[in-house]
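S.K.: sequence and computational prediction follow.
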Amino acid sequence: MTTNPTSTATPPPARAGRREWTALGVLMLPLLLVSMDVSVLYFAIPAISADLEPSGTQQLWIFDVYGFVLAGLLMTMGSLGDRIGHRRLLLIGAAAFGTASLVAAYANSAEMLIAARAILGIGGATLMPSTMAMTRTLFTDPTQRAKAIGLWSGVMTAGIALGSVMSGVLVEHFWWGSVFLVNLPAMALLLLLGPVLLPESKSPEPGRFDRLSVPLSMAAVLPVVYGLKEIPSEGWNVRYVVSITVGLLFAALFVHRQRTAAAPMISPALFRGRGFAPSVALNLVCMFGVMGSSYFTTQYLQSVLGMGALEAALWALLPSVPIGAAAPVAAQLVQRGANRAYVVTAGFAISAAGFALLSLAGTDSLWLVLTACAVLAVGGVTVMSQIMDLAMGSAPVERAGSASSLLETGAEFGGALGMAVLGSIGTAIYRHEIPSSAPDVAHETLGGALAVADQVPGLAAVAREAFTSGMQGAAIAGAVLLAGAAVLAAVTLRRVEVRERACETPDAPSNLSTSGVR
């Protein structure tokens, strides 16, 4: 057998060393805090209300404006990072996030706090896609990249769980502004070490920034997220249905703009990779299950089992313990030859089993509910870590910010949709189970029923049973959906896995760009 002297093997990607892993550790701090800020006000709101005396509408905006601004700007900031550089955008976002945290901590009016929370949302929208894009730049070796993205997924998931607990502990020992001041050391560390440890990366030919896509993307995202988040508590009000419809119309305009613009914000070329579009869709479904289940479990601990807020938050931390092992185990399986499609399928199947366990819960099933939550979380992190690694590996480095922002925007939609759909199923069953003779307020929510329970003998027990029945029905629906997602993952990702492995062999041409400033 003769060897062609002119043939050259593709050199393997450079492996990351101590410097890159240290840089990843620095990136995880802002990611943790950005995800924690989603839930950090859970226990601080009563103290804020007593101090600033906001109106009911202002209190809602204090709580929600961060998530709305974050969701609305993710795609804009991801695309902007591809153009001006992810390190530069990350440092700008860190400075904005830190400054806004300081302003929020010492806000002396509701309006000032709302404005500060909005700026925090802007900073968060720069930090989330930038941290993922920088992770993609730092780790070009597929094995190391999988581990790094698995860590990214675990930190983001853990941050949401830790936010409420940290809020309770800080408010109990300090004043409410302390929940914002904890952001400052991490942002200062990022500003200090980022320029030294993080390489800059951006598209070499970014094209002109499409300014029209910015308002179109926000008009597409914000009305839909708003409507979906309000439906679980308010029902299918015409206002929310119209809001979702308007958002979907703008989404169609946004997609049309991306397909026809000379330099679109989100390049349609991203979807030409076989693994990218299925990854975005499956990540959305995964977050549907994760956030849809949390809508019930937090209420179950407090309103059904009668726990205090801080006690419930501490118990809710237990399911987070096995999360740390889920992503590394999934990555190890893929590295040892397991087909990624089947690992993702197994993750969905595990989450479906978690919903199945939740459907068996009664009004006194603390450990069963916690076990179900743990199983759900393990399956969810398994899916997210592998899906994100597949999507980011399919996207060129110069479009890593756009790819990351699409995944994260899809996750926002999925979470809101999960709470809306599963919450509506649970609410419908709850209202059907409540006796018609009960006060009107008892037909709305479990909290309303408990508020008037002293006036109606036996109402509290009936309402708790009704809520649990609603949770069981929603859990069955969630289990069916995620079981379907498992089948979908096996079908859509099976061939993607084969093609990705082929790209790793010396004789197969690779269509993945791994260029970056090192």
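M.R.: That came through fine.

S.K.: any idea what S201 is structurally, helix, strand or coil?
M.R.: coil (DSSP: H, G, I helix; E, B strand; the rest coil).

S.K.: I meant to write A262 there.
M.R.: coil.

S.K.: from what I can see it touches R208, true?
M.R.: Yes: with contact defined as C-beta atoms under 8 Å, A262 counts as touching R208 (7.3 Å). Any C-beta I mention is one placed from the backbone N, CA and C, and that applies to glycine too.

S.K.: ok, H443 - contacts?
M.R.: Neighbouring residues of H443 by C-beta atoms under 8 Å, 6 or more residues apart in numbering: R431, I434.

S.K.: distance of it relative to E433?
M.R.: 10 Å (C-beta to C-beta, to the nearest Å).

S.K.: same check on T363?
M.R.: From T363 to E433 the distance is 12 Å (C-beta to C-beta).

S.K.: could you do L80 as well?
M.R.: Distance from L80 to E433, by C-beta to C-beta: 49 Å.

S.K.: now swap in H173 and tell me
M.R.: 41 Å.

S.K.: low-confidence regions, the stretch 351-500 of the chain specifically.
M.R.: Within the stretch 351-500 of the chain, the segments meeting pLDDT under 70 span 396-398, 495-500.

S.K.: which parts of it are helices?
M.R.: With DSSP state H, counting those that start in this stretch applied, the stretch 351-500 of the chain shows helices at 366-394, 400-433, 440-444, 446-451, 459-504, listed in chain order.

S.K.: between the first one and helix 459-504, how many degrees?
M.R.: Note on geometry: by axes from the mean of the first three to the mean of the last three C-alpha atoms, to 10 degrees, helix 366-394 and helix 459-504 are set 30 degrees apart in direction.

S.K.: now do helix 366-394: which elements does it pack against?
M.R.: Here helix 366-394 touches helix 110-138, helix 142-173, helix 276-299, helix 309-317, helix 323-335, helix 340-358, helix 400-433, helix 459-504, going by 3 or more C-beta pairs under 8 Å, 6 or more residues apart in numbering; DSSP states H and E.

S.K.: redo those as a markdown table? Include mean neighbour count and distance to M36.
M.R.: Below are the helices and strands packed on helix 366-394 laid out as a markdown table (neighbours: other C-beta atoms under 10 Å; distance: least, C-beta to C-beta, whole Å):
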| stretch | mean neighbour count | distance to M36 |
| --- | --- | --- |
| helix 110-138 | 25 | 10 |
| helix 142-173 | 21 | 4 |
| helix 276-299 | 23 | 15 |
| helix 309-317 | 18 | 12 |
| helix 323-335 | 19 | 15 |
| helix 340-358 | 24 | 23 |
| helix 400-433 | 24 | 16 |
| helix 459-504 | 19 | 25 |
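
S.K.: what sits against the nearest residue in space to T409 that is not next to it in sequence?
M.R.: Leaving out its chain neighbours, the residue that sits closest to T409 by C-beta to C-beta, 6 or more residues apart in numbering is L74, at 4.7 Å. With contacts defined as C-beta under 8 Å, 6+ apart, L74 is in contact with A125, M128, P129, V221, S405, E408, T409, E412.

S.K.: now do V462
M.R.: E433, I434, P435, A438, A449 are the contacts of V462 under C-beta under 8 Å, 6+ apart.

S.K.: okay, now the unreliable bits of the stretch 1-150 of the chain?
M.R.: The low-confidence ranges in the stretch 1-150 of the chain, as defined by pLDDT under 70, are 1-14, 16, 37-40, 42-43, 45, 56-57, 60.

S.K.: run the last query once more with 80
M.R.: Applying pLDDT under 80 to the stretch 1-150 of the chain flags the ranges 1-20, 29-65, 67-68, 71-72, 75, 78-83, 128, 134, 136-147, 149-150.

S.K.: for it, what spans make up the helices?
M.R.: Under DSSP H, counting those that start in this stretch, the stretch 1-150 of the chain gives helices at 18-36, 45-52, 56-84, 86-105, 110-138, 142-173.

S.K.: now these as TSV including distance to F355?
M.R.: Formatted as TSV, those follow (distance: least, C-beta to C-beta, whole Å):
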stretch	distance to F355
helix 18-36	23
helix 45-52	30
helix 56-84	24
helix 86-105	35
helix 110-138	27
helix 142-173	17
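
S.K.: so which of the ones you listed gets nearest E200?
M.R.: Evaluated with C-beta to C-beta, these place helix 86-105 nearest to E200, the distance being 4.6 Å.

S.K.: any idea how far the residue nearest to T409 is from M134?
M.R.: 16 Å.

S.K.: also L249?
M.R.: 35 Å.

S.K.: ok, I122 next?
M.R.: 19 Å.

S.K.: swap in A326?
M.R.: From A326 to M134 the distance is 23 Å (C-beta to C-beta).

S.K.: let me know the secondary structure of R274.
M.R.: Classified using three-state DSSP, R274 is coil.

S.K.: between the helices of the stretch 351-500 of the chain, which one is closest to D51.
M.R.: That would be helix 446-451 among the helices of the stretch 351-500 of the chain, by C-beta to C-beta, at 23.8 Å.

S.K.: and that closest one, what does it pack onto?
M.R.: Against helix 446-451 (3+ C-beta pairs under 8 Å, 6+ apart) you get helix 440-444, helix 459-504.

S.K.: can those helices go into CSV with extra columns for distance to A338?
M.R.: Converted to CSV, these look like this (distance: least, C-beta to C-beta, whole Å):
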stretch, distance to A338
helix 440-444, 48
helix 459-504, 9
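
S.K.: which of the contacts of L74 lies closest to L253?
M.R.: For these, the nearest to L253 is V221 (12.6 Å; C-beta to C-beta).

S.K.: relative to A281, how far out is the closest one?
M.R.: Distance of V221 to A281, computed by C-beta to C-beta: 17 Å.

S.K.: please apply the same query to G362.
M.R.: Distance, G362 to A281, by C-beta to C-beta: 35 Å.

S.K.: ok, now L41?
M.R.: L41 is 31 Å from A281, where distance means C-beta to C-beta.
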